[in-house]
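[1] build the 3D model from these lines:
(one chain, ligands or ions: 2)
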Amino acid sequence: MKKIRVRLGIRSYDILIGHGIISQCGRIITGLSVGNDAIVVTNKRVFGLFGNQLKIALTDYGISAHFEIVADSEKAKSQKTASGLIGRISAYDKGKRVFVVALGGGVTGDLAGFVASVYKRGTPYIQLPTTLLAQVDSSIGGKVAVDLPEAKNLVGSFYQPRVVISDISVLNKLPARQIRSGLAEVIKYGVIKDRKLFEFMESSYEKILALDSRAIEHIVSVSSGIKAALVSLDELDKKGVRSALNFGHTIGHAIETASEYSGRYNHGEAVAIGMVASARMSLRLKILDISAAGRIEALIKKVGLPTRIRGLDLKRIYASHLHDKKFIGSSNRFILARAIGSVKVAEDLPAPLIKSVLKEISE
Ligand SMILES: NC(=O)c1ccc[n+]([C@@H]2O[C@H](COP(=O)([O-])OP(=O)(O)OC[C@H]3O[C@@H](n4cnc5c(N)ncnc54)[C@H](O)[C@@H]3O)[C@@H](O)[C@H]2O)c1
Ligand SMILES: [Zn+2]
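    Numbers count the residues shown, from 1 in each chain. Ligands and ions are numbered 1, 2, ... in the order given. As a prediction, this is how the structure comes out:
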């Protein structure tokens, strides 16, 4: 089992990565002294796949497991679901020592973490991510939230888990489209921080897509290490360090918003196109050379992610990137690539540049 430490003083925790480690949850959790009664938040599909295995692992160590099933979609990240959960946890929590386990993808993790952050002004929680995206990204760093109709993640906080348990073998059940979505974030880590990771993806993408266990363990470990280091330096996303993680996300989020009702692009797919847009903007601004920009686009294509905008209104994408609430005092903020492994923040990029790149990559 690999162990990566997120260093945050008294809020420090480990990310544990290995094969079949769900079955070791009882032992791992017992060592944390978080309680004896697990409230496992999950959805029907994930419960069907791993619920029983987790229950046995916990009860073997004298931990009771109470399952709370939520909807299998972004709709679960709502105030309504959160308050319903809190009510049921409170009714169950009589004379017990409860803690929360998030068993699922990023949706479950964000929701369960949010509920844990407010129930009794903070109840310990554990991340058990079951998608590649959740293992390499959303389960690490303590950003927990639910959505409001006007925007995603509008009600939330920073609340760190007590441990992240990433069982690589659960990814064998994940649909290929979800694997690719997670790979977009892995490519992102390569571009922002790690040339070697990027080169590994270039040389081993076929193994990765075939879910070769060593290749998957490698990319999950390296990606988790990069995220852990950035979070350790900038827990509350205030120093500009953590913002590198937004490479590809300015246009990515705008594409997600624009395709909201059609569900045409999932998060990783939208970020993939956003990374192509950022690389092309970097090239036009002469901070990235043409061969590096070409390699970024080629790798995205090789893993089967989209590199072009199809069937969406470019005006709507442009408008939504301006409405991102994160830009206080500037019209936009992009993470641009300087080389593979190095990025910089740029604000107030001119409208004609953005519009022209969007046009260039749309079909
Ligand atoms: N907190 C953060 O820092 C952060 C970062 C990135 C994304 N997010 C959030 O993460 C969410 C997206 O997460 P996601 O991409 O994991 O989506 P998701 O949670 O919706 O999971 C994708 C699908 O995979 C299914 N699934 C999960 N594990 C499975 C398995 N092992 N086998 C088969 N099916 C499985 C789920 O039931 C779901 O249908 C978004 O809400 C996004 O805002 C949060
Ligand atoms: Zn992302």
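
[2] show me what from the stretch 101-250 of the chain comes close to ligand 1.
    104-108, 110, 130-131, 133-134, 137-138, 141, 143, 152-153, 170, 173-174, 178, 181 (CB under 6 Å from any ligand atom). (Each C-beta comes from the backbone N, C-alpha and C, glycine too.)

[3] please enumerate the strands of the stretch 101-250 of the chain.
    With DSSP state E, counting those that start in this stretch, the ranges of strands along the stretch 101-250 of the chain come out as 125-129, 143-148, 151-158, 163-167.

[4] what's the most buried one of the ones you listed?
    Burial of the strands of the stretch 101-250 of the chain is given as mean neighbour count (mean count of other CB atoms under 10 Å); strand 125-129 ranks first at a mean of 29.

[5] may I have the strands that pair with that one, each with its orientation?
    Using DSSP bridges, strand 125-129 pairs in its sheet with strand 98-104 (parallel), strand 163-167 (parallel).

[6] let me know the angle separating that strand from strand 143-148.
    Taking axes from the mean of the first three to the mean of the last three CA atoms, to 10 degrees, one finds that strand 125-129 is oriented at 80 degrees with respect to strand 143-148.

[7] please state the offset of strand 125-129 from the chain centre?
    Centroid separation between strand 125-129 and its chain, computed with CA atoms, centre = their mean, to the nearest Å, is 13 Å.

[8] pLDDT (mean, whole number) over it?
    For strand 125-129, mean pLDDT is 98.

[9] go on, stretch 346-363?
    If you average the pLDDT values across stretch 346-363, you get 94.

[10] using PDB, list the CA coordinates for it.
    Taking C-alpha atoms only, stretch 346-363 is exported to PDB below (Å, rounded to 0.1, in the frame of the first residue of the first chain):
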ATOM      1  CA  ALA A 346      -2.900  35.300 -16.600                       C
ATOM      2  CA  GLU A 347      -5.700  37.700 -16.000                       C
ATOM      3  CA  ASP A 348      -7.800  39.900 -18.300                       C
ATOM      4  CA  LEU A 349      -6.900  38.100 -21.500                       C
ATOM      5  CA  PRO A 350      -8.400  40.100 -24.400                       C
ATOM      6  CA  ALA A 351     -11.800  39.100 -25.700                       C
ATOM      7  CA  PRO A 352     -10.700  38.800 -29.400                       C
ATOM      8  CA  LEU A 353      -8.000  36.200 -28.400                       C
ATOM      9  CA  ILE A 354     -10.500  34.100 -26.500                       C
ATOM     10  CA  LYS A 355     -13.200  34.300 -29.100                       C
ATOM     11  CA  SER A 356     -10.800  33.500 -31.900                       C
ATOM     12  CA  VAL A 357      -9.400  30.400 -30.100                       C
ATOM     13  CA  LEU A 358     -12.900  29.200 -29.300                       C
ATOM     14  CA  LYS A 359     -13.800  29.500 -33.000                       C
ATOM     15  CA  GLU A 360     -10.700  27.700 -34.100                       C
ATOM     16  CA  ILE A 361     -11.500  24.700 -31.900                       C
ATOM     17  CA  SER A 362     -15.200  24.400 -32.700                       C
ATOM     18  CA  GLU A 363     -16.800  22.300 -35.400                       C
END
